[in-house]
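> After the sequence you'll find the predicted model.
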Number of protein chains: 2
Amino acid sequence: MYRYKITFAYDGTNFSGFQIQPNKRTVEQTLKNAVNKIAKNPEPPLSVIGSGRTDAGVHALNQVAHFDCPYKLGNDSMRKALNSLLPLDIIVKKAELVSPDFHARFNAHSKHYRYRVDQSDFVNPFKRNYTAHFKYPVDVAKMQKAAQDLVGEHDFTSFVASGSQALSNVRTIYQADVHRDEANNEIVFDFVGNGFLYNQVRIMVAFLLEIGSNQRPVDDVIRVLAAKDRNQARMTAPASGLYLVSVDYGDQNNKTIDESESIK
Amino acid sequence: MYRYKITFAYDGTNFSGFQIQPNKRTVEQTLKNAVNKIAKNPEPPLSVIGSGRTDAGVHALNQVAHFDCPYKLGNDSMRKALNSLLPLDIIVKKAELVSPDFHARFNAHSKHYRYRVDQSDFVNPFKRNYTAHFKYPVDVAKMQKAAQDLVGEHDFTSFVASGSQALSNVRTIYQADVHRDEANNEIVFDFVGNGFLYNQVRIMVAFLLEIGSNQRPVDDVIRVLAAKDRNQARMTAPASGLYLVSVDYGDQNNKTIDESESIK
């Protein structure tokens, strides 16, 4: 068997998330179908292992997965073969033959998530699936300041959705950045961390927006982290604004936030 | 009855075009349902008259229509009432009580269409419904030069789709512009004219792309216009790249191409 690492983008709008579910259109199932077709439908079927799940409606710019194929193809041939079988809302940007001990989930060092908030007066029909909409004025400097309190190793119990099955809620955020994208009239949130809990980014974004619109004091992150109580952070920002930008495996210097990773 | 002019945007992806068709989701039907709900479902139902049709998958940034309502609402109340009833892929940007002799189709002086061509190496999943994809190098200066041969009053028989029911194929193009949008890696075509024939913009764009990629000489527009033969311009660019940017009624100085009209 030959192990391939693939890096791919998807528009999450028409997927019921990443993970396979019966009778649902998922990213994992769609990739699995293509991989098995290339492998001439072996029994049992081949699996595709992603770096992690994304929820329904969440997008990815450079998600990573691996699979084992009984046939050896050149990297570019594998990429093209997959793209010829995939629908237009997934694109494989890179396929690489890797060592059999590469594992898309276990080897991931860090992930970079981005969240886009559109500030138009009304919901822009062209952005409805690609941003969250929040028309009220927000203080970006205040959100940027508060976001720094999320950086570091913390117990994020206050920022995890109730459905989480994680054994520990301790995670490390390496970098957090909030800035205004003037050209697109958006607020952009970037987080790089060693892993994120269920809905954690969406809950952190909603919390920072409450700070930015003066519904919470700027130092409220510190108090709420210490409380370790999910009821403290009440809101979850919608899936449509969230992008998995990249997954870092320690082999590249991409742990920091790089605007060029974005394909819009 | 009170006549209202509305200016609205729509994402054409999930509409079977503007015009009402049985058992299809169309822009006209969707607007008509909202207007009739506001008017408390009169019999016979009220009609909504658009400035013109757009095909399935074609978008609009500032399409215009009118309708008559038995109730008088403030402009802003009318806009909000409509938006509260419309799905998120249509947004009414402006509603105006106008003179009963205003007619969205007959009073239109000119229309501005834009066409976006994405030049990424592969089909970007986030742009698949919002651009055409053409990855080959193109000479923008050559296309801009050729586009000027389309400006003026011409018989556009060579640039009309066979399904057209127009009595005359003579139209006037006031302005044509082709430029590269570096930030988005796109080629953008803008056309302002007194009216456009069925598929005319999409055929002109495909023709200019043939010139830009050296499949036709730069002066081929002149020859093909003179031929008055649809078989000369063989290709039609896909619907996904086309936007109705604005409709001019002579009451505003917006006949020229204005980037600020774009909402992306």
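Structure's in. What do you need?

> Buried residues of stretch A:181-193, list them for me.
Within stretch A:181-193, the residues scored as buried using 16 or more other C-beta atoms under 10 Å in any protein chain shown are A:184-193. (Each C-beta comes from the backbone N, C-alpha and C, glycine too.)

> So which of those residues reach chain B?
The residues of the buried residues of stretch A:181-193 that also fall near chain B, by C-beta under 8 Å from any C-beta of the partner chain, are A:Asn184.

> Residues of the stretch 101-250 of chain A that sit close to chain B?
Where the stretch 101-250 of chain A comes near chain B, counting by C-beta under 8 Å from any C-beta, the residues are A:120, A:122-126, A:128, A:130, A:183-184.

> Tell me how many other residues surround A:Asn23.
With neighbours defined by other C-beta atoms under 10 Å in any protein chain shown, the count for A:Asn23 comes to 5.

> roughly how far apart are it and A:Ser16?
A:Asn23 sits 9 Å away from A:Ser16, taking C-beta to C-beta, to the nearest Å as the criterion.

> and A:Asp55, how far is that from B:Lys94?
A:Asp55 sits 36 Å away from B:Lys94, taking C-beta to C-beta as the criterion.

> The two: which has the busier surroundings?
Comparing A:Asp55 with B:Lys94 by other C-beta under 10 Å, the one with more neighbours is A:Asp55, at 17 against 14.

> What backbone torsions are found at A:Asp118?
The main-chain torsion angles of A:Asp118 are listed as degrees, to the nearest 10 and equal phi -80, psi 130.

> With respect to chain B, which of the buried residues of stretch A:181-193 is nearest?
Within these, the smallest distance to chain B is 7.4 Å, found for A:Asn184 (C-beta to the nearest C-beta).

> Which residue is most remote from the mean position of chain A?
A:Glu43 (31.6 Å; C-alpha atoms, centre = their mean).

> Local confidence estimate at that residue?
According to the predicted model, the pLDDT of A:Glu43 comes to 93.

> any idea which element it lies in?
In this assignment (DSSP states H and E), A:Glu43 forms part of neither any helix nor any strand.

> residues contacting it?
With C-beta atoms under 8 Å, 6 or more residues apart in numbering or on different chains as the criterion, no residue contacts A:Glu43.

> and with 10 Å instead?
A:Asn36 (C-beta atoms under 10 Å, 6 or more residues apart in numbering or on different chains).

> do you know how far it is from B:Ser246?
With distances taken as C-beta to C-beta, A:Glu43 is found 58 Å from B:Ser246.

> Likewise for A:Lys80?
41 Å.

> Apart from its chain neighbours, what residue comes closest to the residue most central in space within chain A?
To find the centre residue of chain A, average its C-alpha atoms and take the closest one (C-alpha atoms, centre = their mean): that gives A:Leu244, at 2.5 Å. Take A:Leu244 and drop its neighbours on the chain: the residue closest to it by C-beta to C-beta, 6 or more residues apart in numbering or on different chains is A:Ala60, 4.2 Å away.

> correct me, but that neighbour touches A:Phe18?
Yes. Between A:Ala60 and A:Phe18 a contact is recorded at 8.2 Å, counting by C-beta atoms under 10 Å.

> Please identify every residue contacting each of these two.
Between them, A:Ala60 and A:Phe18 have A:10, A:12, A:27, A:50-51, A:54, A:244 as joint contacts when contacts are counted by C-beta under 10 Å, 6+ apart.

> re earlier: quick one: neighbours of the residue nearest to A:Leu244, just the number.
Counted with other C-beta under 10 Å, A:Ala60 comes out at 27.

> Could you pull out the buried residues of the host helix or strand of it?
Applying DSSP H and E as the criterion places A:Ala60 in strand A:59-69. Of all the residues in strand A:59-69, those buried under the rule 16+ other C-beta under 10 Å are A:59-67, A:69.

> Show the contacting residues for A:Tyr71.
For A:Tyr71, the contacting residues are A:1-2, A:38-40, A:78, A:81, taking C-beta under 10 Å, 6+ apart as the criterion.

> Am I right that it falls within a strand?
No. Assigned with DSSP: H, G, I helix; E, B strand; the rest coil, A:Tyr71 falls outside any strand and is coil.

> Need the phi and psi values for it.
phi -110, psi 150.

> Distance-wise, check it relative to chain B.
Relative to chain B, A:Tyr71 is positioned 23 Å away (C-beta to the nearest C-beta, to the nearest Å).

> Please report how far that residue lies from A:Ile49.
Taken as C-beta to C-beta, the spacing of A:Tyr71 relative to A:Ile49 amounts to 19 Å.

> Over to A:Leu31?
Applying C-beta to C-beta, the value for A:Leu31 to A:Ile49 is 10 Å.

> now A:Ala39
Taking C-beta to C-beta, one finds A:Ala39 at 15 Å from A:Ile49.

> Let me see the domain layout of chain A.
Per the record, chain A has its domains at A:2-98, A:111-249, by automatic domain parsing.

> ok so, going back, okay if I get the contacts of A:Tyr71 as CSV plus secondary structure?
Putting the contacts of A:Tyr71 into CSV (three-state DSSP) gives the following:
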residue, secondary structure
A:Met1, coil
A:Tyr2, strand
A:Ile38, helix
A:Ala39, coil
A:Lys40, coil
A:Met78, helix
A:Ala81, helix
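
> neighbour-wise, which of those residues leads?
Ranked by the number of neighbours (other C-beta under 10 Å), those place A:Met78 first, at 23 neighbours.

> For A:Leu31 and A:Ile49, indicate the residue with more neighbours.
The neighbour count for A:Leu31 versus A:Ile49, taken as other C-beta under 10 Å, is higher for A:Leu31 (26 against 15).

> who touches the residue lying closest to the more buried one once chain neighbours are set aside in this structure?
Residue nearest to A:Leu31 in three dimensions, not counting chain neighbours: A:Val48, with 4.6 Å by C-beta to C-beta, 6+ apart. A:Val48 makes contact with A:4, A:6, A:20, A:27-36, A:65-68, A:104 under the criterion C-beta under 10 Å, 6+ apart.
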